[in-house]
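> have a look at this prediction, sequence included:
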Protein chains: 2
Amino acid sequence: MTAPNPAYAACPVPQPDRGRVRLGHGSGGQLMTEMIDEVIVAELGGAGVLEDAAIVDVDGTDIVVSTDSFVVTPRFFPGGDIGSLAVHGTINDVAMRGARPVALTLAYVIEEGLELAELRAITASVAVAAAECGVPVVTGDTKVVDNGAADGIYLTTTGVGHRLPSAAISAGRARPGDVVIVSGPIGAHGVAVLCARGDLGFDTDLRSDSRPLHDLVTAMVAAGGEGVHALRDPTRGGLASALNEIAQASRVGIDLIESDIPVPTEVRSACDLLGLDPLHVASEGCLVAMITPQAAAPVLAAMRGVSAGAHARVIGRVVDGPRGRVTATTLMGARRIVDTLVGEQLPRIC
Amino acid sequence: MTAPNPAYAACPVPQPDRGRVRLGHGSGGQLMTEMIDEVIVAELGGAGVLEDAAIVDVDGTDIVVSTDSFVVTPRFFPGGDIGSLAVHGTINDVAMRGARPVALTLAYVIEEGLELAELRAITASVAVAAAECGVPVVTGDTKVVDNGAADGIYLTTTGVGHRLPSAAISAGRARPGDVVIVSGPIGAHGVAVLCARGDLGFDTDLRSDSRPLHDLVTAMVAAGGEGVHALRDPTRGGLASALNEIAQASRVGIDLIESDIPVPTEVRSACDLLGLDPLHVASEGCLVAMITPQAAAPVLAAMRGVSAGAHARVIGRVVDGPRGRVTATTLMGARRIVDTLVGEQLPRIC
């Protein structure tokens, strides 16, 4: 070994400051999990953190509650905007616990200087989306911060709902033998937002898939009852993160057939160009489900009867192990590990 | 009349752009009410907007839900920080509808570059405050935005609770003859934050009064039942805004005896210096109540038995009219109108 070249020592490669929050801490992948586990759960305690929504007993009634902040940029994109996304995202998180959403709250953080016309347009979009979902916004809050202390507007929506009587859905309930079903093509939201941001360098016709999934979940639970074990909508971090979270929470393995995963051509092209794995790209209008073999056929049939599930299909199986690991059999017949997103590729996607 | 001096015409006084959001739109006063009424309620519809919290029927159970974003600067101030404030503020809003808070959700918007140690300290403060209140944080969300797209960290808390069986509390239920009671001295939070910001140019020993009020409300409802007509915690916009909102929602007048309103000496001095009315300065640990004459004595006694209400006192009466107007009899015996805050004096106070 030679001594280090002093010229290199004088020009160190910049290293991320490990004591500070980085953009990747918000991308839905491994860094985010680390921050949540090591800082937030370490202080607050862990109950319910791996779930999209919590179940709370209020006077003997099981209430499901979920909250999400929305910081997407740009605020308007093909297929939606920050307002409709905030409604759909929170309704879907409530639905992923097998619950029917009943009401939403809405909190604004607004940057001084935002045009009132834009505030009105975003609020109108919230109102239309909430009305279409049949879930009213019942209360809210507005804060204004000085110019430069936010990027236009951020929204936080919280949803409350009641658990469907026959539902027993949790990220920890996947069992070996369960069939893995996805409700439709993945990745459209992430690519549509990147495209609207100008990150692709070309245009696509792709629109965000942002839409509510609560009717789909109601149909699935009606058809499959307690055979519906786990549900997740693969938003930040994509299908890979959603499946890894379920594999870890349930202490099972998941095997996918890569060629069976529906990836739109435009999503695949954009991912090739950007060096992204489509399994890491956010969807906002599809879900992945772990269903008992007995319930799989009726659930699949019920899903295909709802517009959001028209293209539902089986993409894999839950297996004994290795526990906490997701693998995929590739087109070439090889098996690869499907890891969660590492790094900072997709900030502010929702 | 003379022609305008062309030198003035060339140097117009800068006018606020009426088509854009200004800091004053977040200050809890008249501008905020205008923005909420003309933009947000106009799009979303008005149910529950004048209340601190909404009542939602979930499977036959009355759930009370409230949400608030917290953008206070600085994030640490004498008597609290953004974490404890986010817990107390939301718990208090749930309590103001006569409800017992059961669970909280917590959503973070974090600026890239925030020290993880600070994120941990704020989260620890949330955890301590929630544990002291006996109300767990059951679920949450973390978003990260790029450097310059937030000011450190913003929190949004949502609280769910169940309505106390004998409570029938609403901003619209104040009735002529009701006694107006305040639970303690006003304005400490606002002045403590301004002082921590360096806006005062001098130090005070004053600490924020940030604290939970749900035990106080439980004691009040136990003592007064349906005689507790309206409750409000005078945060942004201060006691003046809280009372004006109640006067308008209930279509009544409110008469205060100015010398009976408890204003700490430090709050009065700071307000004199800054040209503020103490009635416009935020509290985070007191409430104002409209109580029937029959219930006033037992409620007052019950309040004084709880630490947060030890200094409770009567400050005025609800009267027939003028409807929607709050007046105060001054030390000199004159009557003055107590208006809501206009302008931008107190941004980012919570």
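Now that the structure is in, tell me what you want to look at. Numbering: from 1, shown residues only, chains lettered A, B, ... in the order given.
> mind listing the strands for the stretch 151-300 of chain A?
A:153-163, A:179-182, A:228-232, A:253-257, A:288-291 (DSSP state E, counting those that start in this stretch).
> tell me the centre residue of chain A?
The centre of chain A sits closest to A:Thr235, judged by CA atoms, centre = their mean, with a distance of 1.9 Å.
> what separates that residue from A:Ala129, distance-wise?
Taking CB to CB, to the nearest Å as the measure, A:Thr235 and A:Ala129 are separated by 16 Å. The C-beta positions use only the backbone N, C-alpha and C, and glycine is treated the same way.
> ok, the closest residue to chain B within the stretch 201-350 of chain A - contacts?
Proximity of the stretch 201-350 of chain A to chain B (CB to the nearest CB) peaks at A:Arg348, 6.2 Å away. Counting by CB atoms under 8 Å, 6 or more residues apart in numbering or on different chains, A:Arg348 touches A:Gly26, A:Val71, A:Val72, A:Thr73, B:Lys143, B:Val145, B:Asp146.
> these two touch, right, A:Val72 and A:Leu346?
No: shown here, A:Val72 and A:Leu346 do not form a contact pair, counting by CB atoms under 8 Å, at 11.1 Å.
> picking up where we left off before, with adjacent residues omitted, what lies nearest to the residue of the stretch 201-350 of chain A closest to chain B?
Distances taken as CB to CB, 6 or more residues apart in numbering or on different chains place A:Thr73 nearest to A:Arg348, at 4.7 Å, with adjacent residues excluded.
> tell me the backbone dihedrals of the residue of the stretch 201-350 of chain A closest to chain B, please.
phi 50, psi 50 (degrees, to the nearest 10).
> and for A:Ala53?
phi -150, psi 160.
> try A:Val65
With angles defined as degrees, to the nearest 10, A:Val65 sits at phi -140, psi 140.
> how many other residues sit next to the closest residue to A:Cys195 other than its chain neighbours?
Spatial nearest neighbour of A:Cys195, excluding adjacent residues (CB to CB, 6+ apart): A:Thr204 at 5.4 Å. For A:Thr204, the neighbour count with other CB atoms under 10 Å in any protein chain shown is 18.
> isn't A:Thr204 up against A:Gly190?
No: here A:Thr204 lies out of contact with A:Gly190, judged by CB under 8 Å, at a distance of 12.0 Å.
> circling back: turn the strands of the stretch 151-300 of chain A into JSON lines, including mean pLDDT and distance to chain B.
Formatted as JSON lines, the strands of the stretch 151-300 of chain A follow (pLDDT from 0 to 100; distance: least, CB to the nearest CB, whole Å):
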{"stretch": "strand A:153-163", "mean pLDDT": "97", "distance to chain B": "4"}
{"stretch": "strand A:179-182", "mean pLDDT": "98", "distance to chain B": "23"}
{"stretch": "strand A:228-232", "mean pLDDT": "97", "distance to chain B": "14"}
{"stretch": "strand A:253-257", "mean pLDDT": "98", "distance to chain B": "24"}
{"stretch": "strand A:288-291", "mean pLDDT": "98", "distance to chain B": "20"}
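> tell me which of those strands lies nearest to B:Ala219.
Closest to B:Ala219 of the strands of the stretch 151-300 of chain A, according to CB to CB: strand A:153-163, at 27.1 Å.
> give the pairing partners of the closest one; include direction for each.
strand A:61-70 (antiparallel), strand A:99-111 (antiparallel) (DSSP bridges).
> which bits of the stretch 251-350 of chain A sit near chain B?
A:Pro347, A:Arg348 (CB under 8 Å from any CB of the partner chain).
> any chance you could map the helices in the stretch 251-350 of chain A?
A:265-274, A:293-304 (DSSP state H, counting those that start in this stretch).
> weakest of those helices in terms of mean pLDDT?
Lowest mean pLDDT within those: helix A:265-274, a mean of 92.
> buried ones in that one?
A:Glu266, A:Val267, A:Ala270, A:Cys271 (16 or more other CB atoms under 10 Å in any protein chain shown).
> kindly report the same for stretch A:129-147.
A:129-130, A:133, A:135-146.
> pLDDT weak spots in chain A?
When residues are selected by pLDDT under 70, those of chain A lie in A:1-16, A:46-50, A:343-345.
> break it down into its domains, please.
Listed by the TED database, the domain ranges of chain A are A:52-163, A:178-337.
> most tightly packed of these?
domain A:52-163 (a mean of 23; mean count of other CB atoms under 10 Å in any protein chain shown).
> end to end, how far does that domain reach?
14 Å (CA to CA, to the nearest Å).
> with stretch A:314-331 instead?
This stretch, stretch A:314-331, spans 16 Å end to end (CA to CA).
> JSON lines for the strands paired with strand A:153-163, including distance to B:Ala334?
JSON lines is the format used below for the strands paired with strand A:153-163 (distance: least, CB to CB, whole Å):
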{"stretch": "strand A:61-70", "distance to B:Ala334": "48"}
{"stretch": "strand A:99-111", "distance to B:Ala334": "39"}
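> quick check: A:Tyr128 touching A:Ser84?
Actually, residue A:128 is Val. It isn't Tyr. Yes: the pair A:Val128 / A:Ser84 is scored as a contact, 7.3 Å apart, by CB under 8 Å.
> re earlier: now do the phi/psi pair for the residue nearest to A:Cys195.
According to degrees, to the nearest 10, A:Thr204 has phi -130, psi 170.
> which residues of the stretch 1-150 of chain A fall in helices?
A:6-10, A:30-35, A:42-44, A:82-95, A:116-133.
> and A:Val145, what does it touch?
A:Val109, A:Ile110, A:Glu111, A:Glu112, B:Gly26, B:Val71, B:Asp151, B:Tyr154, B:Pro347, B:Arg348.
> A:Cys195 too?
With contact set as CB under 8 Å, 6+ apart, A:Cys195 has these partners: A:Phe77, A:Pro78, A:Phe202, A:Asp203, A:Thr204, A:Leu206, A:Ala270.
> excluding its backbone neighbours, what's nearest the second one?
So that's A:Pro78. Spatial nearest neighbour of A:Pro78, chain neighbours left out: A:Arg207 (4.3 Å); criterion: CB to CB, 6+ apart.
> go ahead and confirm that neighbour touches A:Ala192.
Yes: the criterion here is CB under 8 Å, and A:Arg207 meets it with A:Ala192 at 5.6 Å.
> any common contacting residues for the two?
Contact criterion CB under 8 Å, 6+ apart; residues shared by A:Arg207 and A:Ala192: A:Pro78, A:Gly79.
> how about residues contacting stretch A:233-241?
A:26-29, A:32, A:52, A:89, A:92-93, A:96, A:182, A:186-187, A:189-190, A:213, A:242-243, A:261, A:277-284, A:286-288, A:326, A:338-341, A:346, A:349-350.
> for the one residue in the stretch 51-200 of chain A that gets nearest to chain B, give the beta-bridge partners.
Taking CB to the nearest CB, chain B has its nearest neighbour within the stretch 51-200 of chain A at A:Val144, 2.9 Å off. For A:Val144, the beta-bridge partners are A:Ile110 (DSSP bridges).
> report the separation between it and B:Val281.
As judged by CB to CB, A:Val144 and B:Val281 stand 18 Å apart.
> show me what contacts A:Arg304?
Counting by CB under 8 Å, 6+ apart, A:Arg304 has contacts A:Ala310, A:His311, A:Ala312.
> determine how far the last residue of stretch A:220-233 lies from the first.
14 Å.
> isn't A:Ser283 right next to A:Leu206, touching?
No: shown here, A:Ser283 and A:Leu206 do not form a contact pair, counting by CB under 8 Å, at 11.8 Å.
> need the residues touching each of these two.
Common contact partners of A:Ser283 and A:Leu206 (CB under 8 Å, 6+ apart): A:Ala188.
> figure out how far stretch A:116-124 is from the centre of its chain.
From the chain centre to the centre of stretch A:116-124 is a distance of 25 Å (CA atoms, centre = their mean, to the nearest Å).
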